[in-house]
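Student: this one's structure only:
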């Protein structure tokens, strides 16, 4: 999962487009001479020109007033590109974060002057916020238009850092320092390289302090890059230092709060965020995070020596039944597999509202991911937060927990591709049908040779250059780890993890641990992948036609033809279980023909390959049960429990009854408890069944307890009455 | 479920008049859905042993003329101790003033519907309006001794509803019988259908566009959650919609009258004990409840022989 850019617009060094009076004020500010800067900006307020007044208000932090003055200034000079750029810069400030309006103003300025360096740089800033790969392009264009534009050069250093290309970052930062020895953000970028690479960044931080002793932003930039590298505790420490230097630096305070929240330190997070909010920093991340913290009262917390599980109260009783044992099983498995003991209990937070989860993660709604790990704190969607069949909660849990172990083992010194690759591989390691399938988007990326070399794979996660690149990179990471496991064994994966922990980079780890050059590794990996994907890609176009023919035949009730074409489609592209797929077409046609055996066969293949639609799986379970194969039916319904165990009291009842029939009392107890936790309309029946399961497990006390609950609601409930008499007779 | 019968509480001597209307679907899908639901209600009611008078107006018969004619006939034939049930399936509309049930040809307004139902002398009435905007008809239809249920809380909830589907499901699902007395009351069916409706929207990640309400005092505000506090649900809780199982047979056997009396007494004692629960220690309550429940189970065992 990727994190958003946390650092807003750059501070200014050179101000070619600024009037001298404004430059003077900004220069005071840049050197930390606050009193002089304030006095200077205040003087601008009495200027007759609204633009100068706008700059005055802007410098004093009065953003609303500045915005009004800019508006007035634009009315007077609608064709002033400089003015539009400065207004855009105001809008992009962390207080506003209005990137779309800012980009419009930069665009308008470029329509007036297509080589306006400030406008091009503004576009670069706006693009960098969304990890848009165009940011670098715009920054370079700005530098072409104005070769001395230090800000643009500094931004290139930041962007290289975000790409984890430290050599490039150093090169770009040094160029900025050649342009201006006072390029503070270039120094901060160099400090960030030192910090991320586990060296002491103080040399650069001291240089920054010598120029501007109050420049908290220097520390905040380093903190930002540490956070991007998942080193939250270190990031938090640096945000604190940034605030020591400049207590009025509200963006840093907000980020401190957000990162404290990520680490599960809600009390201090709330305090910091409230402080930022009260001081006027009311941008969306701060506000959303505070709102979320307020909602924590709606969560129930369950603790064991190894775990802290937080579930929303409205679904806690039910989800705990499945989440807690799975979390503990996961910890126990990974402890052995990764040879790591976690220092503290894992905190798992499960959000029924996906947007709450997104705010928990980034401070903003709109996140595509379904789980995120912050050290030993994991936040993820609840199955109820997603449409049934679109989300496998157990695979997500095992994926995120893998991060917990890999990050702990490496002290967060691990490239993103590796930890994601290991996590994706883990999804299928426990049950082969759990992991995500090879989708058409991934196949196309392979066909178009869009996979990145292993040494550059991080770029695919951080700064994607095409729409599905993040998904493709997850897949590639997972398959890279699969390949290493298959070719060298899992011990080499562990050896790579330990090498990364020592700060070694990917090319060196590949070379030293696997004994092949990265280029040779890529070659071998692509050959490995070709075996899996090649045949599918070769027949991809034909597969589409065959699938369409199968669907059409089904619609026309030509069931034999639908089965034949559907089977062909499956043979060509086995992994395709989404949308209208061959498996379900064949299954439906077989059922229409009354051929239940065929339907069972194809639905079983669908389930085995990772088909996740709960309704289809439940259909399979019913067919299996009708065919007398209760064990298979139970196994199929267990798959549904790992996908969507909620809002289905009928399924829990059914699985419980199957387990009772199979003399699996613990399974029956679990399922009837789940049924009861669904708060069913028919509580008497649920309690009665739970009593039966406890009775079968020879737990008479609990059986009697639930019988009384059943009969309290429904005193005349015959089956419960009979069991009560039976229990009573046994007592005697 | 097999063996659904109309309630014994709908007194054997008295008649039950059950009218189901499938309104205009406008689209083939809705036409089929409404007709299918009406057919299912018809089947459930016909399978009853209480010989109810069943009128199902569906397809071409789903017109205002046929509906008013049917209600007029019941008004002429019904007696004061009879029971009358009207179930409306389909689309409704609301213009801010009056509700209309959409039928083939002219629609019927809530006011006209109420006027026709008011002429029916049956002392116990239930109107289940499962249409869109049905909440807009509540005020017009409310009357003492009549329970009125609407799929929507107001006339402004205008999207097609699913409540009706789950109401019919309640009529045939023993799980709707939460107190296991072998009878599904109007209140039990309402709660069952309301819950299933909410779950339908949640599972499909859709904003709920219908919120069912119930009013059975004839003078109160329709309630989303009928309970003692809002005073709604008392009539509906006694309004047995369908009955299943063997309870009716026992009631008809003079040899078992003593046991039935004993059973009634035990049930009454259990009810009293439940009322006193808050004032008792958990242990004492459980002990006493357990003793009474065992006695009740033993009596029931005798009754079932």
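Tutor: The structure has been received and is ready for your questions. Note that this is a predicted model, so its numbers are computed, not measured.

Student: show me the domain layout of the chain.
Tutor: All of this is about chain A. Following automatic domain parsing, one finds the domains of chain A at A:20-245, A:298-451+A:465-501, A:648-732.

Student: can you look at chain B instead?
Tutor: If you go by automatic domain parsing, the domain ranges for chain B are B:16-243, B:253-304.

Student: remind me which helix or strand residue 169 belongs to.
Tutor: All of this is about chain A. Following DSSP states H and E, one finds residue A:169 within helix A:166-179.

Student: wrong chain, I was asking about chain B
Tutor: Assigned by DSSP H and E, residue B:169 belongs to helix B:163-172.

Student: among the domains of chain A, which is nearest chain B?
Tutor: Of all the domains of chain A, it is domain A:648-732 that lies closest to chain B, at 3.5 Å by Cβ to the nearest Cβ. The C-beta positions use only the backbone N, C-alpha and C, and glycine is treated the same way.

Student: out of the domains of chain B, which gets the lowest mean score?
Tutor: Looking at these, the lowest mean pLDDT belongs to domain B:253-304 (a mean of 89).

Student: check whether that domain contacts chain A.
Tutor: Yes - against chain A, domain B:253-304 shows contacts by Cβ under 8 Å from any Cβ of the partner chain at B:266-267, B:270, B:274, B:286, B:289-290, B:293-294, B:296-298, B:300-301, B:304.

Student: is it true that residue A:549 lies in a strand?
Tutor: No - under DSSP: H, G, I helix; E, B strand; the rest coil, residue A:549 falls outside any strand and is assigned helix.

Student: returning to that earlier point: most tightly packed of the domains of chain B?
Tutor: Among these, domain B:16-243 has the highest mean neighbour count (mean count of other Cβ atoms under 10 Å in any protein chain shown), at a mean of 20.

Student: how about the strands in the stretch 301-450 of chain A?
Tutor: Secondary structure of the stretch 301-450 of chain A (DSSP state E, counting those that start in this stretch): strands at A:307-312, A:346-351, A:371-374, A:377-381.

Student: let's have those in CSV, adding mean pLDDT and distance to chain B.
Tutor: Listed next are the strands of the stretch 301-450 of chain A as CSV, based on pLDDT from 0 to 100; distance: least, Cβ to the nearest Cβ, whole Å:
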stretch, mean pLDDT, distance to chain B
strand A:307-312, 96, 13
strand A:346-351, 93, 15
strand A:371-374, 83, 19
strand A:377-381, 89, 12
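
Student: distance between stretch A:631-642 and the chain's centre?
Tutor: Mean-position distance between stretch A:631-642 and its chain equals 28 Å (Cα atoms, centre = their mean, to the nearest Å).

Student: one more: stretch A:222-240?
Tutor: Worked out by Cα atoms, centre = their mean, stretch A:222-240 lies 18 Å from the chain centre.

Student: counting neighbours, what do you get for the nearest residue to residue A:406 once chain neighbours are set aside?
Tutor: Leaving aside its chain neighbours, residue A:406 sits nearest to residue A:419 (4.7 Å; criterion: Cβ to Cβ, 6 or more residues apart in numbering or on different chains). Using other Cβ atoms under 10 Å in any protein chain shown, residue A:419 is surrounded by 23 other residues.

Student: does residue A:419 touch residue A:405 like I think?
Tutor: No - with contacts counted by Cβ atoms under 8 Å, residue A:419 stays clear of residue A:405, the gap being 9.6 Å.

Student: what kind of secondary structure is whatever residue of the stretch 51-200 of chain B ends up closest to chain A in?
Tutor: Residue nearest to chain A within the stretch 51-200 of chain B: residue B:180 (3.5 Å; Cβ to the nearest Cβ). Recorded secondary structure, residue B:180: coil (three-state DSSP).

Student: that one: what's it in contact with?
Tutor: Residue B:180 sits next to A:684-685, A:713-714, A:716-718, A:720 when contact means Cβ atoms under 8 Å, 6 or more residues apart in numbering or on different chains.

Student: could I get the contacting residues of residue 79?
Tutor: I'll assume chain A. Taking Cβ under 8 Å, 6+ apart as the contact definition, residue A:79 lies against residue A:112.

Student: chain B is the one I meant
Tutor: Residues counted as contacts of residue B:79 (Cβ under 8 Å, 6+ apart) are B:14-15, B:121-122.

Student: possible to save the residues you listed as CSV with secondary structure?
Tutor: Listed next are the contacts of residue B:79 as CSV, based on three-state DSSP:
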residue, secondary structure
B:14, coil
B:15, coil
B:121, coil
B:122, coil
